[in-house]
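> build me a model:
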Amino acid sequence: MGTISQSSKCSSASSADTIANFIGNLDIAVVQSLALAVRTQESVQSSTPPSPAGVLSCVVTTPPEHGAYNIVYHLQFSDRISWVIRIPFEEWGADDARCMRLDIVAMEYICSHTSIPIPRLHSYSCTKENPLGHPYMIMDKVQGTCLYDTWNDPSWWTGERRKENLFESLAGYMTELAGLEFDKIGRLDRTDADGAYFVAPFPSGLALVGEAGGPHEDFGPFDSTRACFTAVVNLRRPLEKDPKGKAWCALTQFFIDSLLEEHYDCAPFTFDHPDFNTQNIFVDDTGRVVGIIDWDGVSIQPRQIGALCYPTFVTLDWNPGDYGADPEEMHGYRQKYTEAIRVASNGKLDAVVRNSHVAECVCACASSGSEAGTILIRLGEYAFGSATVTLDVLEGLEHGSWLTSPANEVARIKLWNGPADDDPLRASDDADDHATTGKGGKNNGWVQRIGGWVRRKVLNVVRSWTTTANTTNEARKGGHEAVSQRFEPTPS
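Numbering: from 1, shown residues only. Predicted coordinates:
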């Protein structure tokens with residue numbers, strides 16, 4: 001949810017037409033030839049014949065699978081060895097090649113220092129200078145079942161298939177990953193193929209805040225969590241062109257300074273998994289982890305958003321804009337994962353994990369700005385005990401002197417008393433508040449101005465809160481219904 005990371009592609013996911021055109025222009029015979037050449041080279045180096053019959057063949061499975069940035073072909077060899085080849089399909093430049101090389105440096109380091117089941121890398125090219133004409137990675141195919149297909153299926157988790165097995169094995173691997181410690185936040189690099197490792201800057205600060213355009217300049221490395229998060233907010237602040245966006249940045253900075261735990265601010269720092277979620281975890285028939293894939297953008301991070309964060313699928317209630325997660329169920333999963341970390345680390349690391357979801361949320365707000373609207377509201381509930389108070393703070397920041405006065409003006413206090421009495425938005429909000437709480441609205445107009453995207457997101461949050469059937473949610477329902485009135489669009 002909250003990792004500050006930069007994959008080898010900074011732009012948004014491509015359209016279906018772009019992917020289809022890319023696949024149509026690929027020469028499958030070249031893919032097949034490349035895979036066979038790599039197998040042959042490996043067999044020569046190991047002095048082991050690749051096939052009992054002595055003649056090796058390869059079938060490239062079509063059509064390929066694809067994600068946001070890569071297509072994946074399955075490579076099935078005649079001796080029953082299975083590989084995959086991942087090929088980025090977007091425009092590719094020097095910055096992308098650099099990021100991909102850093103990904104490989106980190107993955108090879110992790111593989112050589114832990115038992116984490118990362119697919120073995122057999123061959124790669126970070127540039128287009130190869131027979132395929134595109135960058136690629138060839139690696140082992142992961143066996144097992146993708147957790148995405150089973151996590152929410154109660155019928156799968158029966159008998160020996162237990163979620164406790166999942167948490168136990170996942171915690172064991174993440175404890176191993178946490179054992180690889182560094183003194184700075186950044187990207188792992190080395191001077192040459194056999195040279196010393198060091199923590200390098202992130203290749204682009206703007207890419208960390210979702211800006212695909214340049215200029216892409218080195219960012220970091222950093223000695224503390226707060227220094228890193230603050231630098232990210234400072235990158236985003238000039239991109240926010242109106243007072244609303246500046247208010248989001250200001251409140252995020254407050255949470256950076258107040259909610260992050262002081263004793264985890266400095267080193268040691270650890271590797272992260274940039275997308276620690278169900279689609280990248282594979283399990284066996286007992287629910288134990290047998291593969292963790294998609295390490296694009298892997299970097300060295302604060303421990304609470306690195307190796308010792310919660311998996312995304314147990315923190316959905318803290319990022320509720322697109323999910324209808326039950327907070328009590330999610331909380332129970334977090335308790336189980338924390339206990340699994342305690343056991344795996346002999347009681348040394350569970351305290352780091354316990355409130356890591358708060359740090360993840362702060363990180364998400366720093367890097368995503370107002371697009372992380374529902375997460376910021378959730379942090380406000382945690383800090384202030386009320387979504388309403390959080391919105392009041394944001395509205396006050398939007399209109400107060402601090403963020404609205406010209407930089408060349410002597411600071412002065414400018415009081416703001418809310419929307420004008422004849423403001424139709426004010427009237428609508430007052431009516432809504434009277435209907436639900438018996439109290440007139442005061443500073444509710446801001447919510448109507450925060451934009452359709454955020455309003456729709458928060459409406460989804462409120463609806464999930466007020467329609468969840470468990471007893472705890474019902475107890476909270478009255479307060480959330482009152483808050484929901486502040487997000488209803490103005491009647492036309």
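
> so for stretch 270-287, what gets flagged as buried?
For stretch 270-287, burial by neighbour count (16 or more other C-beta atoms under 10 Å) applies to 270-284, 287. Where you see a C-beta, it was placed from the backbone N, CA and C, and this is true even at glycine.

> show me the contact partners of stretch 249-266.
223-226, 229-230, 233, 236-237, 240, 302-304, 352, 355, 358-359, 362, 365-366, 369, 376, 379-380, 382-383, 390, 393-394, 397, 402-403 (C-beta atoms under 8 Å, 6 or more residues apart in numbering).

> so which of the buried residues of stretch 270-287 is the closest to Val142?
Relative to Val142, the closest of the buried residues of stretch 270-287 is Phe282; by C-beta to C-beta it sits at 4.9 Å.

> from what I see, the closest one and Gly291 are in contact.
Yes - counting by C-beta atoms under 8 Å, Phe282 touches Gly291, with 3.7 Å between them.

> overlap in contacts of those two?
Val142, Gln143, Gly144.

> out of those, which is most surrounded?
Of all these, Val142 has the most neighbours under the rule other C-beta atoms under 10 Å, reaching 19 neighbours.

> what pLDDT is listed against the residue lying closest to that one once chain neighbours are set aside?
Closest residue in space to Val142, ignoring its immediate chain neighbours: Gly291 at 3.5 Å, by C-beta to C-beta, 6 or more residues apart in numbering. Note on Gly291: pLDDT of 98.

> how near is Gly291 to Tyr124?
Distance, Gly291 to Tyr124, using C-beta to C-beta, to the nearest Å: 19 Å.

> for Thr390, grab phi and psi.
Per-residue torsions, Thr390: phi -60, psi -40 (degrees, to the nearest 10).

> low-confidence ranges, this protein, go.
Residue ranges of the chain with pLDDT under 70: 1-14, 47-54, 212-215, 321-323, 419-492.

> so where do the strands sit in it?
Ranges of strands in the chain, per DSSP state E, are 58-60, 65-66, 70-77, 82-88, 121-125, 136-140, 145-146, 187-190, 197-200, 270-271, 281-283, 289-292, 300-301.

> any idea which of those is most buried?
Mean neighbours per residue, mean count of other C-beta atoms under 10 Å, is largest over the strands of the chain for strand 300-301, with a mean of 28.

> output the contacting helices and strands for that one.
Applying 3 or more C-beta pairs under 8 Å, 6 or more residues apart in numbering; DSSP states H and E, one finds that strand 300-301 contacts strand 270-271.

> and if we set it to 6 Å?
In terms of contacts (3 or more C-beta pairs under 6 Å, 6 or more residues apart in numbering; DSSP states H and E), strand 300-301 is packed against no helix or strand at all.

> run the chain-centre distance for it.
Centroid separation for strand 300-301 versus its chain: 13 Å, with C-alpha atoms, centre = their mean, to the nearest Å.

> again with stretch 225-239
That offset, for stretch 225-239, works out to 17 Å (C-alpha atoms, centre = their mean).

> ok, residues contacting it?
Here stretch 225-239 makes contact (C-beta atoms under 6 Å, 6 or more residues apart in numbering) with 185, 205, 209, 222, 249, 252-253, 256, 260, 265, 302, 366-367, 369.

> what is the nearest of those residues to Ser115?
For these, the residue nearest Ser115 by C-beta to C-beta is Pro302; the value is 24.0 Å.

> with adjacent residues omitted, what lies nearest to the closest one?
Thr225 (4.1 Å).

> try Leu188
Once flanking residues are discounted, Leu188 sits nearest to Ala106: 4.7 Å by C-beta to C-beta, 6+ apart.

> now swap in Lys246 and tell me
Leu403 (4.7 Å).

> distance check, the one you found against Asp194.
Using C-beta to C-beta, Leu403 is found at 52 Å from Asp194.

> what do you get for Thr158?
From Thr158 across to Asp194, the span is 50 Å (C-beta to C-beta).
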